[in-house]
Structures are given as C-alpha cells and as structure tokens.
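Participant: Provided below for reference: sequence and predicted model.
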Amino acid sequence: FDKRRAALFTLLAHASTGVFWWQYVRLFFGSTLRFFGFLIAQSPEDAGDELHAVRAVYLHPARLKAARHRRKLASKDGTADTVRKLRPGPFLPYQHGLDSARGALTSAIRPEQAEITGRRSIGFDATGDEDDEPIQVPSLWQRRPWFVAFLLLTALALLAGRDLWGSGPLHGGALPAAPQSAGGWWELYFERWHAVGIGSDVAAPAFVWVLGIVAIPVWFSPDLLISALMIFAVPAAALGAHRLGRRLTDRRRLRMLWALTYALLVVASGAIGQGRIGTVVALVVLPVLVNSLLALRAKPHWQQGLRLGLWLTTITAFAPIVYLPALVGFIAVGVRRSRATWVSLALAAALPWVLVTEWMIQRVVAPSRWWWEAGLPDGSIVPTAWQLVMGRAGGASVAPAWLSIGIVLLGCAALLRAKEQPAVWWCWAVALVGLAAATLGRYATVHTGANEFDFDAWVGLPLTLWLAGLATATLVAADATKFDGRTARLALVVALIAPLGIAGWWLVRSDDGLLRRGPVDDVPAYLTSQGDNGVRTLVLEGTFAKGVGTSVVAGNGLHLGEEAVLPPLDATSDFNALVARILSNPSSADTEALAGYGVAAIYAPADVDPALEERMDAAPGLSPSGSPDPQARVWLVDTKPVLDDAGGNSLRWLIALLHTLLGVVAFALTAPIRKRVRR
C-alpha cells in the first residue's frame, strides 16, 4: 500500500503543468483497471492495496497541491532533470502486462513447464556468457511438443471452420442466433414478461445467466462469443483434457495423445456441425469438472466443494443430463471417505439447486426435459446398436462410426490390466454410465411444453462420455505397462486411428454441417424492423391438405435463450383457436382480435398453398402487401396492434438478482488466493 501510494503521489507531484491533468486522469483509470485485474488474478490483498492507495492520493488534493508547489520551487536549481531520468518509461507497465499475459498463456498451454517470467527492468544487464562454444538449441517440437500440438490443432480448427467465418450471426441446426448485445441475455434473465411468441412469463433458462457474464467483454457483439466457442471448441477441450491428464500420467506423449483424442471426439459427435451448443460447452468443461473432483478427493474442503459445484452448475445450465451421472459419480467417490469429503460433495451437488433453482425444478416436474439442452430441441436420428457402441448419435456432421473402433478395442484390452490398475475399473464404470444413459435416451422423447410434437432425445453427449471413459481406461493401463517394440508399434497404430482419422475427416467435410453465417430471414426485413417495438408476425407454413403450421415471430426470429421461454400450449389455446377460425371462416372480429395479440402482419413463406392464399386474400381486415420473395405472401392487419405485457411474476427480477449475487459470492469464495511473498 505504501509503495503504491508513494508511486502515485510522486508521479503526480513531479508531473509538468502541461501533462498533469492527463496523468491525473490516466493514473486514476489505470489504477481502477489494476484493481479489477488483481481481483481476476485472485490477489485480493494487492487489489485492496491499490484501492487504498488511490483513496489516499485522490481524496487529499491539498497535499498534492503543496507537493507540486515545493517541486516548482525546487525545480529552479536543476533537480527536475535528475528526477525525470529516474522515472520509468511510460510503456513499462504495459510491458509488465504483456509479460504476465504471456506467462499465463504459457501456463495454460503447458502448465508443467511454465517459465517464470520476471518484470522488465529499466536498467540493462551487460554481463555476457564467457563460454564462446556454440550451443546446440533443440527444436521447438523437442522443447515444447504440447505447445506445437496445440498450435496445429488450432490451425486445424481454423481451416475446418473456414465456412463459419464471415459477416452476419452464426446460426443453424439447434443453434439460434445470438442477440444484438449481451444486454439481451441480461434482459431476458431479469424481465418478468418475455416478448416471445404471443408473450410468456416462463422463467429464463439458466445458461442465459452464464452467457451474459462471459459476454460482458464483447457486449455489443455477443456473436463473437458464440462463434469463438463453436470454432475453437476442440482446442479448448484439448487444454482442459491435457491439464486433467497431468493427474493421470507423467508420460507426456501418452497424455498428449489422449488429450487430442478427447478433443477431436467433440467434433466427431456432430455437436459442432449441428449447432448443439449445450453439448459443446459440456464437453469443454467436463475435464475441468473431473479435475476438480479429483482435487476434492485428494484434499476435501468446503472451498473445493464450492468450486466443483460451480463447474457442475455451468454444465447443468447447458446440458442438464450431465447432472444425474455426476451425482452417481459423487456417490462413488464418497464411498469409504471421510466426513469432510461427504460434506464437500453434498455442497457441490446442492449448489445447482441454489443458483439455478427454477431450471432444476422444471426438470423434476417434467423429467423428459433432462434431455433438453441449450438451443432448439432439434430432433436427431435414432442411432442403431452399432452406432451406440461406436459412440455416434446420428444426424448431420457425424464422423464415420468405424473411426472409433481403435478406442473400443484398446478400451477392452485395458481390462487385461485392471487387476494391477484398479483405476481401469473406475474408467470403465464412467464409460458404462455414459453408454447406459445413451441407451435410455435412445427411447426417450423430449416434451418442451410449447410444442405439440415431441422430439427425439439427443444422445451425443453420453456417447462421447462412453468413448472418453474407454480412452481414459487405455491411458491408465498404458501408463503402467511396459511394451516391447512390436506391441508398442501395433498399439500406437490402433490408437492413432481415431485422432488422425477424425482430423482428416473434419478437414475434408467441414462444410457438411447445419451451421451457417448470415442474416436470419424468418420474416421479411421490413417486418423485422417492426418487431423491435414488440410488434409480431404470424407465420403460416404448410397446406390445408397436410396441415398448416403456425408460429408467432417478434423481430427476425428467436435468439439464443428465447427458445426456452416460449409460451406453453395451455397459454396459447385461445390464440390457436382464433387462428383456426381465421383459416377456416375469417371475420373482421377475428382479425381485430388478432391485433389484440400484437400481431401486425401474416406471412406465408415460399410455395404458398393456393387455397391458403385465396382464403387470406378474401379475409376482411387484411390488406395484401409486397414481399421480397415473389413466391411468398404478406398480409397486413388493418387494426393497429395492441401490445399487452401485463402478467408475469413481479418478483422475477428479485429472484434473478439474488441468484446473481449468490453466484458472485460463490465465485469469490472459491477463487484461489495468491499469497503475497513478503521480503
């Protein structure tokens, strides 16, 4: 505190008149930024010192003024130039920040050999090496193989995701487009009445809260967050898996191969290509969750339990189905353990019920929603028995099933070492839990409550858990096995089938997914602009012979998070009856009632049913309008729409605020504190 206060005071006292106010403002905001930086870096002592130093200097301007007056008198004898030479350069703090960022990146990519980067000095070290003999410098691959592998994997992700770069929001498959700003997610989380469909008071999904927090740095372009997540999901999963692998083995090559295999299983499942953001987030965070569980098992403490609970809450918010196998894993870890272990595990299991209470209650009331992840409940192809064993859920962008045969064979071979390595049984238990969950999900259907039709459950996540468990069993068995030359070569060839095969398939078939980048065109653009004020458009699709589907769109369509707050069927029964009357025998009273729901237009996309077109043209109270698509039709409602947002839970914002505060408190309690080294 004293050193920082003295530094601020000295810089301001000796600043020249021309730059004093610039320094005054710059140091204030710079110190504020340092305060938040210390909090993020889990150094609350340094953050407190920074805050106290700013308060001690800026709340006493008289002292600063007197010091500047003394400096002005002393500057006449030539001491000003001497003091100026002793000051650090203006860019030195930023160089310190770059050094810290480089050290943090190195620690994240290769934590076992992270270099300790010191602060830059103002001076110069002129000492040299007296030995003039040439030094043989090893290659970068020899010095840092994981760093090179991570760079290659990132380059592969960029090349394979080349079709996802461009302008416009990223959407498609199960992924709706992101809102225009992160404030859209916060508004959805706190508001009591949602302008979705004809209006809804359903509680916002839990993952909206997580997205709103993470998207704060990219507030005005949250699509950057979604794009980065979907494009760089594989390298991110590799980082978490490699850090977990340090707990499983000390053999670097085995750890690297296992981490790359797990990361590529994320894209092999089809989750990225199908836009299943819930599965993507869960698979990226899953190694971190397991790492926290192993840390708790080694050293049980309530802080470890809170940290584990936060990771479990994050995964549950995006993919609730993970909570049930995780609960089974907690019980298995706690068997024959101390009371402190059980308390920590109970705290971790209970935290999701505290932070995302309504999200969990919805799953208890409607158990099929355990399978409903973040995003649209897009149905998937029911996998066959062969696909289940090979870890493939079916659908678009799924890697060939035979590419996983090496993982299955080596996982079965690992059972031969289970007697000497009991950890193999644990890995197989995790794998079988994933396979059992996928088998049950194969016959499960998801009922969202807002749709008349049920959707087949997506089982890509538990099937990836099945393959990950087999791969981990192979890693544990190989770590304790000494292979001869021939056996080692054969095992290496079989182990490389999955990572090399999936990487090649991903690079060649990168454009085979449902994701696309571009404007969302559910309704014409001029109707979209009306939706900014809450005005809605009734969309009619289908024919009278096969059935007409209806939906209400506000703006240009649903944004990520709004798909979970659509009004339930019992709340839309009157509106559906009104639409049925308009389609059968419309009257002016019906069209006026349609405006009472905030509907200003009716839109029929391409290939309009002639009978439907004729019926709408003859309906009273509707005026035909132009459409940019010559095969589509638009009818405007003559009556001015009435927007009624009365309803909803008036305490919704208070509940959301309470959950947010509890989340902040839990994060503050679990953040590791970097102890200050006192000299």
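Facilitator: On my side now, so go ahead. Just so you know, these numbers come straight off a predicted model, no measurement behind them. Numbering: from 1, shown residues only.
Participant: quick one, strands of the stretch 401-550 of the chain?
Facilitator: Along the stretch 401-550 of the chain, the segments classed as strands by DSSP state E, counting those that start in this stretch run 445-446, 455-456, 516-517, 536-543, 547-554.
Participant: Any idea which residue is closest to the centre of this structure?
Facilitator: Nearest residue to the geometric centre of the chain (C-alpha atoms, centre = their mean): Val281, 5.1 Å.
Participant: Residue ranges in the stretch 401-550 of the chain under the pLDDT threshold?
Facilitator: Low-confidence segments of the stretch 401-550 of the chain (pLDDT under 70): 452, 484, 510-512, 522, 529-534.
Participant: closest one to Ile582 among the strands of the stretch 401-550 of the chain?
Facilitator: strand 536-543 (8.8 Å; C-beta to C-beta). Any C-beta I mention is one placed from the backbone N, CA and C, and that applies to glycine too.
Participant: So what are the sheet partners of that closest one and their directions?
Facilitator: Strand pairing for strand 536-543, using DSSP bridges, gives strand 547-554 (antiparallel), strand 599-604 (parallel).
Participant: Can you tell me which of the ones you listed is packed in deepest?
Facilitator: strand 599-604 (a mean of 23; mean count of other C-beta atoms under 10 Å).
Participant: My reading is that Leu636 lies in a helix. Confirm?
Facilitator: No. Using DSSP: H, G, I helix; E, B strand; the rest coil, the assignment for Leu636 is strand, not a helix.
Participant: want to throw the strands paired with strand 536-543 into JSON lines with distance to Ala236?
Facilitator: Formatted as JSON lines, the strands paired with strand 536-543 follow (distance: least, C-beta to C-beta, whole Å):
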{"stretch": "strand 547-554", "distance to Ala236": "33"}
{"stretch": "strand 599-604", "distance to Ala236": "39"}
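Participant: So for Ile315, which of the ones you listed sits nearest?
Facilitator: The closest of those to Ile315 is strand 547-554. By C-beta to C-beta, the value is 30.5 Å.
Participant: contact partners of that closest one?
Facilitator: When contacts are defined by C-beta atoms under 8 Å, 6 or more residues apart in numbering, strand 547-554 is touched by residues 195-198, 522-523, 531, 534-542, 575-576, 579, 583, 597, 599, 603, 609, 612.
Participant: Could you rerun that using 6 Å?
Facilitator: 195, 197-198, 522-523, 531, 536-542, 579 (C-beta atoms under 6 Å, 6 or more residues apart in numbering).
Participant: and if you look at stretch 514-530?
Facilitator: 164, 166, 168, 170, 172-173, 177, 274-275, 396, 537, 553, 555-557, 600-601, 603, 627-628.
Participant: can you check stretch 301-311 too?
Facilitator: Under C-beta under 6 Å, 6+ apart, the answer for stretch 301-311 is 288-289, 292-293, 295-296, 344, 347-348, 351, 666, 669-670.
Participant: circling back to that earlier point, of the contacts of strand 547-554, buried ones?
Facilitator: 195, 197-198, 522-523, 531, 536-541, 579 (16 or more other C-beta atoms under 10 Å).
Participant: Nearest to Arg652, out of those: which one, please.
Facilitator: Proximity of the buried ones among the contacts of strand 547-554 to Arg652 (C-beta to C-beta) peaks at Ala195, which lies at 14.5 Å.
Participant: Could you measure from the closest one over to Val565?
Facilitator: 10 Å (C-beta to C-beta, to the nearest Å).
Participant: related to what we said a few turns ago, export the strands of the stretch 401-550 of the chain as TSV, with columns for distance to Gly391.
Facilitator: Conversion of the strands of the stretch 401-550 of the chain to TSV gives the following (distance: least, C-beta to C-beta, whole Å):
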stretch	distance to Gly391
strand 445-446	21
strand 455-456	18
strand 516-517	26
strand 536-543	35
strand 547-554	34
